[in-house]
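Peer 1: Here is my input, please return the structure:
(4 chains)
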2 protein chains.
Amino acid sequence: MSELLLPERQALICQRLKSQGRVVSAELAAELSVSEDTIRRDLKELAAAGLCEKVYGGALPPAFHPGSLTERSRVAPENKASLARSAISRIEPATVVFLDAGSTNLALAEALPQDFALTAVTNAPAIASILLEKPAVETILLGGIVDRAMGGAISAKARDDLAVIKPDLCILGACGIGTEGDVRAFGYEDAGFKRFAASISKKTMVVVTAAKFEIVAPYAVLPASAYACLVTEQAADRNRLRLIAAEGCDIVLTRD
Amino acid sequence: MSELLLPERQALICQRLKSQGRVVSAELAAELSVSEDTIRRDLKELAAAGLCEKVYGGALPPAFHPGSLTERSRVAPENKASLARSAISRIEPATVVFLDAGSTNLALAEALPQDFALTAVTNAPAIASILLEKPAVETILLGGIVDRAMGGAISAKARDDLAVIKPDLCILGACGIGTEGDVRAFGYEDAGFKRFAASISKKTMVVVTAAKFEIVAPYAVLPASAYACLVTEQAADRNRLRLIAAEGCDIVLTRD
DNA sequence: TCCTCTAATGCACGTTTATGCGGCTTCATA
DNA sequence: TATGAAGCCGCATAAACGTGCATTAGAGGA
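Peer 2: Coordinates of the predicted model:
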């Protein structure tokens, strides 16, 4: 490899940080045939610019702090990440997917591999801004007044925007799961929006933590018969799952 | 190889920049059998014209370090925060404000006091998701395909969404400021969108760091006469500021 | 034709920058 | 707490940079 100009080298380091999630000074030094001091200097500069975070032996991508839904997403992040991985395994690449506002879908967006090709439609700014970091994802935003509690646009405007699209898959978060496996929501408007999104999509997938089975939410969104796939955790109530499966719904449980 | 005339040589350098993504002074000098000084002079001229970016040892194509919006928001954050505070002091509370996609506007959103009442219209998901944390702000999102480089929606859809609103104030970020104080952008579409936003707003404010005065961006957005207020730093070029002030533009400098 | 003027180039100079190395300190881990 | 690895600081050096000046080539006018 020919010698790299300084900014090229630093760009390469940034790129590797993004793709591999970490860099080791010694490896980079050997690979780029420069001294470790030089790499350390690079990392120092990048860190000063906020583009990485130095650690002993190398560097990591900068800490994530966009704020917003992230408060809710701090609740059981481990569970949600593993849930997200399971859900992603059921997504056909290169399809059009609607991502509802919600912390599980936020985790899903975060967990998307860098090379996962997708057209993502969302009404949640926090989800959109994470999707922008995924090079293979085309992001379409639904406009309108943004509901603060929901973290997404659920107005008539958003519905109109969505009406011209027919997603292959609608991924819904649920505020709670009813006794008959029905998806329920806390907000009336929100419930209506979710129902509409599901109705125009070819297929609907519901992703929820086990805890959602214990929560009673007032507004009905969808009966168990109306969604094709439920992704949840091992800890979820088995009786309820049987009930849902009996409606012809595909149940996916996280491995761990 | 026959001797090349100056414009031919510079054209060749540009071409090589495009095809190879980089040039090294020493290599070019040897190849074209001219001295390195000559090559350096060429690169200096090209850089002044915004056709390349000089680095130690050679040059790279322009706009080499755009990065995503969240990445850009990490460079010089304290400057941007102080800039944001100055800009906020010029915003009338309880008005309708359009916030363009850009890292300075992201900082502005972050710096908004919790009790600052505002209706904010934005095309950038990252900005919207920060605004959701501000209880006194009503957020309206513009939809459409989101441009990854820009970090915001700039499609015809976003323009249509914006067309039904008449903001009291349009706050623009600039990719660069031209020699006559004109706002310039890196993207053609983006420039058009910014121009449209300014044209339908009652008043336009431009917020830029001092560094933007040194950057040459290809597409014109607005001449100095078309915006009412420029917020920038003490370090900005005074001659240029005088020129802009002469157009009847209000200049606001950061305190620190 | 000859002269002058200007722009382009190359060269010599001092200055700045990037890099590597040695010595010493700090850190992680067993 | 002991130990090897990583980090930091200062220095040395070579390469790249910028500037001023001399040389050259070509254009245009007398």
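Peer 1: and the gap between residue A:191 and residue A:151?
Peer 2: In this structure, residue A:191 and residue A:151 are 15 Å apart, going by CB to CB, to the nearest Å. All C-beta atoms are positioned from the backbone trio N, CA, C, and that covers glycine.
Peer 1: okay, those two: which has more neighbours?
Peer 2: Set residue A:191 next to residue A:151 and count neighbours by other CB atoms under 10 Å in any protein chain shown: residue A:151 wins out with 27 against 21.
Peer 1: next one: phi and psi at the more buried one?
Peer 2: Here is the backbone geometry of residue A:151 (degrees, to the nearest 10): phi 70, psi 20.
Peer 1: Verify the stated contact: it with residue A:126.
Peer 2: Yes. If you go by CB atoms under 8 Å, residue A:151 and residue A:126 touch, sitting 5.9 Å apart.
Peer 1: can you pull out the strands in the stretch 51-200 of chain A?
Peer 2: A:53-55, A:58-60, A:96-99, A:118-122, A:137-141, A:144-147, A:152-153, A:169-173, A:176-177, A:183-185 (DSSP state E, counting those that start in this stretch).
Peer 1: Quick one: check the third one for contact with chain B.
Peer 2: If I follow you right, that is strand A:96-99. No. Residues of strand A:96-99 are not located near chain B by CB under 8 Å from any CB of the partner chain, the shortest gap being 12.1 Å.
Peer 1: So for that strand, what gets flagged as buried?
Peer 2: Under the neighbour-count criterion of 16 or more other CB atoms under 10 Å in any protein chain shown, strand A:96-99 has A:96-99 buried.
Peer 1: between these, which is nearest residue B:7?
Peer 2: residue A:96 (48.8 Å; CB to CB).
Peer 1: Chain A against chain B: which residues are in contact?
Peer 2: A:5-8, A:11, A:49-51, A:62, A:66-69, A:124-129, A:131-133, A:135, A:138-146, A:148, A:151, A:153, A:157-158, A:161.
Peer 1: most packed of the strands of the stretch 51-200 of chain A?
Peer 2: strand A:152-153 (a mean of 30; mean count of other CB atoms under 10 Å in any protein chain shown).
Peer 1: Just list what it packs against, helices and strands only.
Peer 2: In this structure, strand A:152-153 makes packing contacts with strand A:144-147, judged by 3 or more CB pairs under 8 Å, 6 or more residues apart in numbering or on different chains; DSSP states H and E.
Peer 1: Show me what the strand it packs on is packed against.
Peer 2: Against strand A:144-147 (3+ CB pairs under 8 Å, 6+ apart) you get strand A:152-153, helix A:156-163, strand B:137-141.
Peer 1: Listing partners with orientation, what would you give for the shortest one?
Peer 2: Read that as strand A:152-153. According to DSSP bridges, strand A:152-153 forms sheet pairs with strand A:144-147 (antiparallel).
Peer 1: now the strand it pairs with: mean pLDDT?
Peer 2: For strand A:144-147, the mean pLDDT works out to 96.
Peer 1: Look at residue A:248 and tell me its secondary structure.
Peer 2: Of the three states, residue A:248 takes coil according to DSSP: H, G, I helix; E, B strand; the rest coil.
Peer 1: What of the one 4 residues further on?
Peer 2: In three-state terms, and counting by three-state DSSP, residue A:252 is strand.
Peer 1: List the contacts of it.
Peer 2: A:86-87, A:89-90, A:229-232 (CB atoms under 8 Å, 6 or more residues apart in numbering or on different chains).
Peer 1: May I see those residues organised as TSV, with neighbour count added?
Peer 2: Below are those laid out as TSV (neighbours: other CB atoms under 10 Å in any protein chain shown):
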residue	neighbour count
A:86	19
A:87	23
A:89	10
A:90	15
A:229	17
A:230	26
A:231	24
A:232	27
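Peer 1: closest to DNA strand C among those?
Peer 2: residue A:86 (30.6 Å; CB to the nearest atom of the strand).
Peer 1: In contact with that closest one, which residues are there?
Peer 2: Residue A:86 neighbours (CB under 8 Å, 6+ apart): A:231, A:252-255.
Peer 1: and the residue nearest to residue A:18 when sequence neighbours are not counted, how far is that from chain B?
Peer 2: For residue A:18, ignoring the flanking residues on the chain, the nearest one in space by CB to CB, 6 or more residues apart in numbering or on different chains is residue A:61 at 6.7 Å. Distance of residue A:61 to chain B, computed by CB to the nearest CB, to the nearest Å: 10 Å.
Peer 1: Could you check the pLDDT of residue A:61?
Peer 2: 89.
Peer 1: contacting residues around it?
Peer 2: A:17-18, A:21-22, A:52-53.
Peer 1: So which of those residues belong to helices?
Peer 2: A:17-18 (DSSP state H).
Peer 1: now that we have the contacts of residue A:61, which one has the most neighbours?
Peer 2: Neighbour counts for the contacts of residue A:61 peak at residue A:52, which has 26 neighbours (criterion: other CB under 10 Å).
Peer 1: So for that residue, what's the pLDDT?
Peer 2: We have a pLDDT of 92 for residue A:52.
Peer 1: number of nearby residues for the one residue in the stretch 51-200 of chain A that gets nearest to DNA strand D?
Peer 2: Nearest residue of the stretch 51-200 of chain A to DNA strand D: residue A:57, at 4.4 Å (CB to the nearest atom of the strand). Neighbours of residue A:57 under the rule other CB under 10 Å: 11.
Peer 1: what do you get for residue A:236?
Peer 2: If we define neighbours as other CB under 10 Å, then residue A:236 has 22 of them.
Peer 1: Just give the closest residue to it, not the sequence neighbours.
Peer 2: residue A:210 is the one closest to residue A:236 (CB to CB, 6+ apart), at 4.2 Å.
Peer 1: what's the one you found in contact with, if anything?
Peer 2: A:79, A:232-237.
Peer 1: redo that, cut-off 6 Å
Peer 2: A:233, A:235-236 (CB atoms under 6 Å, 6 or more residues apart in numbering or on different chains).
Peer 1: Of the contacts of residue A:61, just say which sits nearest to residue A:216.
Peer 2: Distances from residue A:216 to these, taken by CB to CB, are shortest for residue A:21, at 39.4 Å.
Peer 1: Pull up the gap between the residue nearest to residue A:202 when sequence neighbours are not counted and residue A:199, please.
Peer 2: Distances taken as CB to CB, 6+ apart place residue A:168 nearest to residue A:202, at 5.2 Å, with adjacent residues excluded. According to CB to CB, residue A:168 and residue A:199 sit 14 Å apart.
Peer 1: Looking at these two, which has the bigger crowd around it?
Peer 2: Using other CB under 10 Å as the criterion, residue A:168 and residue A:199 rank with residue A:168 on top: 15 against 11.
Peer 1: Got phi/psi on the more buried one?
Peer 2: Torsion angles, degrees, to the nearest 10, at residue A:168: phi -70, psi -30.
Peer 1: Where does the prediction get shaky in the stretch 1-150 of chain A?
Peer 2: For the stretch 1-150 of chain A, the stretches flagged by pLDDT under 70 are A:1-2, A:64-77.
Peer 1: Just give the closest residue to residue A:188, not the sequence neighbours.
Peer 2: Using CB to CB, 6+ apart, the closest residue to residue A:188 is residue A:219 (5.4 Å).
Peer 1: For residue A:147, name its beta-bridge partners.
Peer 2: Applying DSSP bridges, one finds that residue A:147 bridges with residue A:152.
Peer 1: I'd guessed it sits against residue A:155; true?
Peer 2: No. Using CB atoms under 6 Å, residue A:147 makes no contact with residue A:155, being 7.8 Å away.
Peer 1: Return the residues of the stretch 51-200 of chain A in contact with DNA strand D.
Peer 2: By the rule CB under 7 Å from any atom of the strand, the part of the stretch 51-200 of chain A lying against DNA strand D is A:54-58.
Peer 1: That'll do, ta.
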